[in-house]
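J.: Quick one: sequence and predicted model below, then my questions.
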Amino acid sequence: MATVSFTIFRGNSPDTGGFETYSTETDEGMVVLDAVHKIQAEQANDLSVRWNCKAGKCGSCSAEINGMPRLMCMTRLSDLPLDKPVLLQPMKAFPLIKDLVTNVSWNFDVKKKIKKFKPRPPDNADGTWRIAQEDVDRVQEFRKCIECFLCQDVCHVLREHRMHDEFIGPRFLVYAAALEMHPLDTEDRLPDLKNSEGIGLCNITKCCTGVCPEEIHITDNAIIPLKERVVDRFYDPLHWFLRLFKKS
Amino acid sequence: MNTYDTFDYDVLVIGAGGAGLRAAIEASAHGVRVGLICKSLLGKAHTVMAEGGVAAALSNVDERDNWKVHFTDTMRGGQYLNNWRMAELHAKEAPDRVRELEAWGALFDRTKDGKILQRNFGGHKYPRLAHVGDRTGLEMIRTLQDHGIHQGVSVHMEFTIISLLKSGDRVSGALGYDRERGRFNVFRAKAVVLATGGVGRAYKITSNSWEYTGDGHALAYRAGAELIDMEFLQFHPTGMVWPPSVQGILVTEGVRGEGGILLNKEGRRFMFDDIPDLYRNQTADNEEEGWRYTQGDRNARRPPELLTRDHVARCIVREIKAGRGSPHGGVFLDISWIKEKIPNAAEVIKKKLPSMYHQFKKLADIDITKEPMEVGPTTHYMMGGIRVNADTQMSTVPGLFAAGECAAGLHGANRLGGNSLSDLLVFGKRAGEHAALFAKEHGFETIDDARIKSIVDESLRPFERTGGENPFQVQYDLQDMMQDLVGIVRNEAEMQQAVTELKKLQERAQNVKVVGNREYNGGWHTALDLQNLLAVSEAIALAALQRKESRGAHFREDYPAKDDQNGKFNSVVRISADGQMEIRKDPLPEIREDLKEIIAEMK
Ligand SMILES: Cc1cc2nc3c(=O)[nH]c(=O)nc-3n(C[C@H](O)[C@H](O)[C@H](O)COP(=O)(O)OP(=O)(O)OC[C@H]3O[C@@H](n4cnc5c(N)ncnc54)[C@H](O)[C@@H]3O)c2cc1C
Ligand code: SF4
Ligand code: SF4
Ligand code: FES
């Protein structure tokens, strides 16, 4: 098929690194990751790229393709304009390691700080629970998350304002929502969400939802309901009381 | 000399897939200090890709199911080469291991009365696979990961172990490098658990990720442990075949479990043409009965699409070879046809098989609710591996334990779908427990600096070469060679040729060159992984040559029949005193009397 050019960031620091352009032959159906592998194997053996499954399931191959945060293994070349070089950059919200690979360990540290799952006592003597499918369905969407951290990358609170110490980012708001809405969970995470986890810093731009490869409705289904719970609890006791009233 | 940091752990777990995580959690629960190492980021291990489900006789959907039926199914699927004790423990303990996941936060799909739902899968007599749509592995690894990070386990991510360390006969630690900077580290440990997964990257067409370079198999082999059953490599019948760049990516058996059928280009449902005797009583003899089975009719027998993977893969190869394949060299797998049977078929398909829908839509422009998929066999799962004690999971090297895909025994000549995820849980737990017990009875050993230096020097040699070959090219050539010569259909001449080719490839691998520096250098990583791929490939070839019959996943066109006179043995590979690979046959251990009776009862 056609020869396509790729302009790829190379280097281990944003200051000293730069862009290199490679041309390579492409085949029908190829994704960006295939092309990167081909370049790595044929022209730049030491090119750094992180990947595992090549099937959109592990969330390892996140990068910025023509400026858009995407999975390289799920981005087909035929969906990109190929008349000019395809621009490949590492994610901006995290420290660079080398070439297309960033240090995402901050995300793992954040997760550890979120209060863990705490189930109610089992319903049955054999230690099991009865759960309705519809209650499972409500959180399944959040549990689809492959931890690609693309939503973290695009969120301006982290990307531009670098508020990594104050804000856990959309991925972990989804995680908190999955726990808070888990049919068995009894833990209370609202004080942390309001205080140390910075849910108030999200101003609902929905950029995170736009890049999620799992098509999780991050803002509408996870963040806004959590914000409502926080508001109900901490700012509007009357509202909270009325809602309780309406429910019964 | 390179300086290196040293970490001390009572138990060191190498690999953070389902088996490694479960082992680490268990060891930690026994109150010892645990280190967990993985080549990629936490939560990205192969287990994340598992789709269909985890097998356990919970008997939530069909109360006729129990551990005895699961045990018998596993033995039959493995053509009775399985370690019967492992098959027994697995069948008995899997239900508790699955329920335990729920206590840690996993959410499986439910039955109408709120219990864990179970689905049909090839070779399982009753609906047995607990699942979450078609992303069960993600649910499982995330649950273990999120539980594990609160259990005091120290995790070293993007860290590759290149050698085990021994003191006398015993394992005393491991040596590895971090991907980020290429720095070497030594881990001293009182016990080591290998949970490194499989070997699929030795082949060109595979469902496996880059990590599957057989590291654990090779590390254990070099440390003197025995490997068994290496001829038994599972080719999954349904991988994607088109477009070329996605060749090999798995299409879950769940598609067939939900009613998907296999067709050749003439539109014939060819799986009805060849039903093995061992399964005749359990297989539907008409399409209507097969459909009813997939829809939960308890009196119906399974459709032939749900026969064991080895058989389905060979039937597909037969159709393709006979010129009845699909345009891109596969056959058709159709789930869209169920619209003839149920009103809201498209919705059902999207609900039951969301990632398959997504995968074909995105990667192949195919809407599986409307048109058939094209599929063909793909290298998928290694039944063979490190020989372990069934109860403790200790290998033949003291202090070295193994669990999950890198260990062997449970699956015999062929693994049933869903039996791997349960294997990880059952034997991951056992390995963690017994490694902790072993650690409590043993101390740390001093590390031999000279040995460290020689391994480090050896691993850096590719940087010093000026001539040398491109490591990626050697890997590609190995993959092509194994695919062609030691693939699904094997014969003596081709495998002899493979052994010769392997010698040449080993020489070439000794002479690969790496450019750049040690930081996250894909070329260097490939150069090091190559050594493991080559060792594993040699073991596969030697074991496949030795077995002069066809059984389970091992099919020889020169010996196409099963030979119960001469075939009842386990192939054992180990390193000889002079560093060569040697192979022998061990007779199968006698099955315990009560288990024999169970098998006879269920015939
Ligand atoms: C696409 C696909 C679908 C599947 N679906 C199912 C299913 O539905 N049901 C089922 O039962 N089975 C399924 N399987 C099989 C099953 O997923 C695997 O066999 C299983 O997940 C293996 O788990 P593991 O814990 O042994 O290893 P893995 O999950 O592969 O983990 C291996 C770990 O070892 C680490 N590692 C490897 N080498 C080194 C080294 N040198 N140094 C440090 N760390 C190292 C890796 O980084 C990784 O963390 C599927 C397999 C595939 C490929
Ligand atoms: S909606 Fe909130 S979390 Fe998402 S990108 Fe915008 S500010 Fe960030
Ligand atoms: S929520 Fe979506 S974008 Fe964010 S990490 Fe998860 S899968 Fe990725
Ligand atoms: S490599 Fe796994 S998501 Fe891209």
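T.: Yep, it's here. Ligands and ions are numbered 1, 2, ... in the order given.
J.: Can you name the residue of the stretch 501-603 of chain B nearest ligand 1?
T.: residue B:532 (7.6 Å; C-beta to the nearest ligand atom). Where C-beta positions appear, they are placed from N, C-alpha and C, glycine not excepted.
J.: next one: chain A
T.: Relative to ligand 1, the nearest point of chain A is residue A:55 (7.2 Å; C-beta to the nearest ligand atom).
J.: Am I right that that residue sits in a helix?
T.: No: counting by DSSP: H, G, I helix; E, B strand; the rest coil, residue A:55 is not found in a helix; it is coil.
J.: Is it in contact with residue A:73, as I believe?
T.: Yes: with contact defined as C-beta atoms under 8 Å, residue A:55 reaches residue A:73; the gap is 6.8 Å.
J.: ok, back up a step: could I get the phi/psi values of the residue of chain A closest to ligand 1?
T.: Here is the backbone geometry of residue A:55 (degrees, to the nearest 10): phi -140, psi 20.
J.: now swap in residue B:402 and tell me
T.: Phi and psi for residue B:402, reported as degrees, to the nearest 10, are phi -150, psi 140.
J.: Please apply the same query to residue B:344.
T.: Phi and psi for residue B:344, reported as degrees, to the nearest 10, are phi -100, psi 50.
J.: swap in residue B:94?
T.: According to degrees, to the nearest 10, residue B:94 has phi -60, psi -40.
J.: ok, it - contacts?
T.: By C-beta atoms under 8 Å, 6 or more residues apart in numbering or on different chains, the contact list for residue B:94 reads B:54-57, B:70, B:422, B:425-426.
J.: at 10 Å instead, please
T.: By C-beta atoms under 10 Å, 6 or more residues apart in numbering or on different chains, the residues touching residue B:94 are B:54-58, B:67, B:70, B:128, B:130, B:418-419, B:421-423, B:425-426.
J.: cool, residue B:53 as well?
T.: Residues near residue B:53 by C-beta under 10 Å, 6+ apart: B:98, B:108-109, B:117-121, B:124, B:127-134, B:136-137, B:139-140, B:252-254, B:257, B:417-418, B:421-422.
J.: Distance check, it against residue B:80.
T.: Note on residue B:53: its distance to residue B:80, by C-beta to C-beta, to the nearest Å, is 25 Å.
J.: ok, now residue A:42?
T.: Where residue B:80 is concerned, residue A:42 sits at a distance of 47 Å (C-beta to C-beta).
J.: ditto for residue A:146
T.: Counting by C-beta to C-beta - residue A:146 and residue B:80 are separated by 39 Å.
J.: Same check on residue B:108?
T.: Residue B:108 sits 31 Å away from residue B:80, taking C-beta to C-beta as the criterion.
J.: So which of those two has more stuff around it?
T.: Taking other C-beta atoms under 10 Å in any protein chain shown, residue B:108 and residue B:80 do not tie; residue B:108 has more neighbours (27 against 19).
J.: wait, what's in contact with the more buried one?
T.: Contacts of residue B:108 by C-beta under 10 Å, 6+ apart are A:131, A:136, B:53-54, B:58, B:60, B:98-99, B:101-102, B:115-118, B:129-133, B:136, B:139-140.
J.: check contacts around residue B:412.
T.: B:74-84, B:86-87, B:229, B:232, B:383-384, B:551-553, B:570, B:588.
J.: now, which of those residues lie within helices?
T.: Per DSSP state H, helices hold the following members of the contacts of residue B:412: B:74-77, B:84, B:86-87.
J.: since we're on residue 154, how many residues are nearby?
T.: Going with chain A. 24.
J.: not what I meant, chain B
T.: There are 14 residues near residue B:154, going by other C-beta under 10 Å.
J.: Report the contact partners of the residue in the stretch 151-300 of chain B that ligand 4 sits nearest to.
T.: The stretch 151-300 of chain B approaches ligand 4 most closely through residue B:209 (7.5 Å), counting by C-beta to the nearest ligand atom. For residue B:209, the contacting residues are A:51-55, A:57-58, A:60, B:39-40, B:44-46, B:48-49, B:197-198, B:200-201, by C-beta under 10 Å, 6+ apart.
J.: Show the buried residues in those.
T.: Neighbour-count burial (16 or more other C-beta atoms under 10 Å in any protein chain shown) is assigned, among the contacts of residue B:209, to A:51-55, A:57-58, A:60, B:39-40, B:44-46, B:48-49, B:197-198, B:200-201.
J.: if I pick residue 149, what's in contact with it?
T.: The chain I'm using is chain A. By C-beta under 10 Å, 6+ apart, the residues touching residue A:149 are A:59, A:62, A:69, A:91, A:93-94, A:102, A:104, A:106-107, A:158, A:169-171, B:41.
J.: Can you look at chain B instead?
T.: By C-beta under 10 Å, 6+ apart, the contact list for residue B:149 reads A:108-109, A:111-112, A:116, B:21, B:36, B:42-43, B:155.
J.: Could you do residue A:185 as well?
T.: Residue A:185 touches A:115-120, A:139, A:178-179, B:105, counting by C-beta under 10 Å, 6+ apart.
J.: so where's chain A shaky on pLDDT?
T.: A:1, A:236-248 (pLDDT under 70).
J.: For it, just list every one of the strands.
T.: Ranges of strands in chain A, per DSSP state E, are A:3-10, A:18-25, A:62-65, A:68-71, A:86-89, A:96-98, A:101-102.
J.: Using CSV, lay out these together with distance to residue A:154.
T.: What follows is the strands of chain A, written out as CSV (distance: least, C-beta to C-beta, whole Å):
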stretch, distance to residue A:154
strand A:3-10, 18
strand A:18-25, 21
strand A:62-65, 9
strand A:68-71, 5
strand A:86-89, 13
strand A:96-98, 17
strand A:101-102, 14
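J.: Distance check, the most centrally placed residue in chain A against residue B:158.
T.: Centrality entry for chain A: nearest residue to the mean C-alpha point is residue A:149, 3.1 Å, by C-alpha atoms, centre = their mean. Distance of residue A:149 to residue B:158, computed by C-beta to C-beta: 15 Å.
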